[in-house]
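Asker: model this:
(3 chains)
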Amino acid sequence: MSVFIIRRLMQSGAVLVVMSLIVFFGVYAIGDPIEIFISPEADQIERERAKVALGLDRPVWAQYFAFVEAALGGDLGRSFVFNIPSMTLILQRMPATLELALSALALGIVVGLPLGMYAGYRPNSIGAKAIMAGSILGFSLPTFWVGLMLIMIFAVDLGWLPSTGRGETATWFGMTSSVFTVDGLRHLAMPALNLALFKISLIIRLARAGMRENMLMDYVRFARAKGLPMRRVVMVHVFKNIMIPVVTVVGLELGSTIAFAVVTESIFAWPGMGKLIIDSIQRLDRPVIVAYLCIIVLMFVIINLVVDILYSVLDPRVRLSEARN
Amino acid sequence: MAGTTQSHSAPAVETPLRRFCRDFAESRIALLGLAMFAIVLGAALFAPLLSPQNPYDLNQLDIMDGRQPPMTMSMGGFTFWLGSDDQGRDMLSAIFHGLRTSLGVGAMSAIGALALGAAAGLVAAYFGGRIETLIMRIVDIQLSFPSILVALILLAVLGQGTWKIVVALICVQWAYYARTVRGAALVERRKEYVEAARCLGLGHRRIVFGHILPNCMPPLIVVVTVQVAHAIALEATLSFLGIGLPITEPSLGLLIANGFEYLLSGKYWISFFPGVALLTTIVSINLVGDQLRDVLNPRLQK
Amino acid sequence: MAEPTLVVEDLRTWFHTRAGIVKAVDGVSFSVAPGRIMGLVGESGSGKSVTGFSIMGLIDPPGRVVSGRILFGGRDLATLADDEMRHIRGRRVAMIFQDPMMTLNPVLRIDTQMIEAVQAHERVGREEARRRARDALGQVGIPSPEERLSAYPHQFSGGMRQRVAIAIALLNRVELIIADEPTTALDVTIQGQILFEMQRLARETGTALVWITHDLSVVASLADEVCVMYAGRIVERGGVDDVLDRPAHPYTAGLIGSVPSRNQRGRPLQQIPGVMPSLLALPTGCSFRPRCAYADGACTEDPPLHDFAGGRQARCAHPLSGATP
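Answerer: Predicted coordinates:
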């Protein structure tokens, strides 16, 4: 087990190094790093100071290490717009995005898993067919347009839910989140549903396929032959087997959910890092763009690592075969 | 089982293309998708002829016509079947022209990504070794990042513009084609006819383009449909976010974005109808793609 | 002879498929007495496994037991409601499956899978159930059962897994065990051990055993009586020595002739010509007719069931002379 984790950690480290090289050459190949990291309004003294700090007078490999050092130290320039360090700016916005993405994934599981399992358990029922038609629609509907339609229905026509912002937040065990207040939840409902729509469709398909496949397995028949109630066969035996692919995919989807939160955040004016990056691209606030890039790459690597470890914990077969190698 | 007996009773009169068409037509919903797509394509191709108004010609627009609900009569004497936007632009005309832009960008990026990806995949599969490792590593790393993120990064670096978004979409998609082509080509490469062609002393190019590539077509066709739908949706999303196509060539995404602020005051049609057009386009392509996958897959396994 | 544990009368299990009705089991009758072992022999597709699953009430749509009686413990299992049947499965009738690699749930520990089998039928505590699981594992010859309880199935070899499956069948002191080719997937030496243990078990506890197999040598060494199935019907049945020494049905004779043995060395094995017909397109009359050397015009009629000495029966118009009526 520990061998597996160590090896996996080393892999992640390698990916990080490669990605840092790509970001570095991306930044330095496209233009003068001074143009990227220093505000056009900065004076000559500040430019010179930055040149030394970034080590632009030194050879390329030294510049690379200077860049990595700056990135690790969280010092990748100040936002032209907000005039605070870009890393700090993004880290401030990150909780809102994580809250949105995690809520969407939770919604995806809570809604998608039971629907998918039902559709797989009774594949020929009318309910199952309706669920599957819904999931095809969920795949095809453009997320941003659905967001607009949600606003039109629930905010404009019915007036039930607010259409913008994060609402009131509260702090609970050191975590500040809008999940802890009623107002916050009301604000969260539509964006989370919007972002979850694609995940719900995905999880429905996964759970349905898993259910159908597993119900035909010998172990299900054997469990029934033991005289177990169908409830236990489905909810324990089949469920545990379905959870393996579902958890893996949901974990891997966390990354893409954070990425696609860009769209949802823009529609619902959710103050997360996705909205920040869109604003920054439009305002050419490059230090923020570079910092976002670094952070999102790091997040992806960490997420992939955690998913792999979780997967090995869930599936005893993987755990053992990995340990043997 | 029924299929095999049928083909036995009617030997060799059926060309592969005919059989393909018959298999495809087995699904009514796929035929519906095909019909929907034909309508969408027709609307895009003949947009200038079908539109009551040229939505880009500012002389034809009348600010007095701004934000008219559907079915109202315009100052110019024609009907705004789907209403008008804030500048008095007929939504129906704007949608026809928007479809033209969206489909055009989707098709261009698909062709570019297909060429690049197929070439990379073929090279990887045919030559193997380090080239293969390098190409497939890049593919793997890129595919581990969501498409929207890759596009976002590229647009952040490249800036805006029609060709830039096409380039961004090509960069997002080539990896899917490369992976598909490599997978199919690897299977083909091991077959005897390729060995035979090599023994005959045919050049690399002849073997790859004359022998391997044609046999990669079935899975490639399926990926093309999926990716075109994906590209259109992604372009619409990016344009909606204001980092895609420029205002001068309003695609469906931009039309939807334009209507966003009016949506809050209950003027739904400016966003709603372009969205329906976009949805119709994507759903029709997906329906066709689903059936193509079903029809082409079993033959692959044979 | 004691009152039979199980009496199957004219059982018919049909599968309603799109291509037509598949009569997988079509009028099968037999009985098993306590402590006796009944071998159910046939090629794959002859309906022997479906017979086993029909007794267990584990036939899923599109299959259905369309007629016949399955008398067990004074009740007809074919008429029982799902819930009543569940209380009999695992509690009074157990089944062991063919492929030990597939019958245990890969993601649940052995103890979980054993304890649930006890608790599904009796209100006993976890500790007590675990103790019984441990005893059962010891009974089937698994070394250090206490430790093995916390293992996952993939940590066992195929033979050990089959022993676990047998131990699960033994948990609740069942009156009848249906074994569906349980040793086919195992090594010959392990097969021998398991056969021996099962035989001892039947003798000692008075458990009746229905042993489904295609292997005549297994039947010869294990069973008391034998039923030979062909295309959904029993073509011959009787005491194991009578049937194997003096087969009355040409099919049985063919099966015996195609078993390789040492004293036949150098001589070509006899083969039954042709293959079993599709159950969708059975010939009229005797379904073995197209492959039978003795077939004539009389065989186009449904063959009569002949009674022979010693309670033997064969369904053939031209029974072989070795069996004296």
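Asker: Quote the end-to-end distance of stretch A:211-229.
Answerer: 17 Å (Cα to Cα, to the nearest Å).
Asker: buried ones in it?
Answerer: By neighbour count with 16 or more other Cβ atoms under 10 Å in any protein chain shown, stretch A:211-229 contains the buried residues A:211, A:214-215, A:217-228. The way it works is simple: take the backbone N, C-alpha and C, and place the C-beta from them, glycine included.
Asker: of all those, which comes closest to chain C?
Answerer: A:Gly227 (3.0 Å; Cβ to the nearest Cβ).
Asker: In the stretch 151-300 of chain C, what residue comes closest to chain A?
Answerer: Counting by Cβ to the nearest Cβ, the stretch 151-300 of chain C gets nearest chain A through C:Tyr152, at 4.3 Å.
Asker: distance of the closest residue to chain A within the stretch 51-200 of chain C from chain B?
Answerer: Proximity of the stretch 51-200 of chain C to chain A (Cβ to the nearest Cβ) peaks at C:Gly90, 3.0 Å away. From C:Gly90 across to chain B, the span is 37 Å (Cβ to the nearest Cβ, to the nearest Å).
Asker: That residue: neighbouring residues, count only.
Answerer: 27 (other Cβ atoms under 10 Å in any protein chain shown).
Asker: Then the one 10 residues further on?
Answerer: As a burial measure, C:Pro100 scores 27 neighbours (other Cβ under 10 Å).
Asker: In contact with it: list those residues for me.
Answerer: C:158-159, C:161-162, C:164-165, C:182, C:185-186 (Cβ atoms under 8 Å, 6 or more residues apart in numbering or on different chains).
Asker: Name the nearest residue to B:Gly117, ignoring sequence neighbours.
Answerer: B:Tyr177 (2.6 Å; Cβ to Cβ, 6 or more residues apart in numbering or on different chains).
Asker: Give the rounded mean pLDDT of the longest helix anywhere in chain A.
Answerer: Ranked by residue count under DSSP state H, the longest helix found in chain A is helix A:86-121. In this model, helix A:86-121 carries a mean pLDDT of 90.
Asker: Tell me the helices and strands packed up against it.
Answerer: Counting contacts by 3 or more Cβ pairs under 8 Å, 6 or more residues apart in numbering or on different chains; DSSP states H and E, helix A:86-121 packs against helix A:126-140, strand A:175-177, helix A:182-215, helix A:239-268, helix A:273-283, helix A:286-314.
Asker: Next, format these as JSON lines and append distance to chain B.
Answerer: Shown next, in JSON lines, are those (distance: least, Cβ to the nearest Cβ, whole Å):
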{"stretch": "helix A:126-140", "distance to chain B": "5"}
{"stretch": "strand A:175-177", "distance to chain B": "24"}
{"stretch": "helix A:182-215", "distance to chain B": "11"}
{"stretch": "helix A:239-268", "distance to chain B": "4"}
{"stretch": "helix A:273-283", "distance to chain B": "5"}
{"stretch": "helix A:286-314", "distance to chain B": "5"}
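Asker: For chain B, what is the nearest residue in the stretch 51-200 of chain C?
Answerer: C:Pro62 (15.7 Å).
Asker: Could you report the distance from the residue nearest to B:Gly117 to B:Val224?
Answerer: Separation of B:Tyr177 from B:Val224 (Cβ to Cβ, to the nearest Å) stands at 8 Å.
Asker: what residues are shared contacts of the two?
Answerer: With Cβ under 8 Å, 6+ apart, B:Tyr177 and B:Val224 have common neighbours B:Leu114.
Asker: These two: which is more packed in?
Answerer: B:Tyr177 (26 against 22).
Asker: related to what we said a few turns ago, just the buried ones out of the contacts of C:Pro100, please.
Answerer: Of the contacts of C:Pro100, these count as buried by 16+ other Cβ under 10 Å: C:159, C:161-162, C:164-165, C:182, C:185-186.
Asker: Specify which member of the buried residues of stretch A:211-229 is nearest to C:Pro260.
Answerer: Taking Cβ to Cβ as the measure, C:Pro260 sits nearest to A:Asp218 out of those, at 29.7 Å.
Asker: Can you report how many residues lie near the residue of the stretch 51-200 of chain C closest to chain B?
Answerer: 12.
Asker: before we move on, which element is the spatially closest residue to it that is not a sequence neighbour in?
Answerer: Distances taken as Cβ to Cβ, 6+ apart place C:His16 nearest to C:Pro62, at 4.6 Å, with adjacent residues excluded. Assessed by DSSP states H and E, C:His16 sits inside strand C:6-17.
Asker: tell me the SS of C:Val235?
Answerer: strand (DSSP: H, G, I helix; E, B strand; the rest coil).
Asker: how far away is it from A:His187?
Answerer: In terms of Cβ to Cβ, C:Val235 sits 75 Å off from A:His187.
Asker: pretty sure A:Pro142 is in contact with B:Gly275, am I right?
Answerer: Yes. Using Cβ atoms under 8 Å, A:Pro142 is in contact with B:Gly275, at 7.0 Å.
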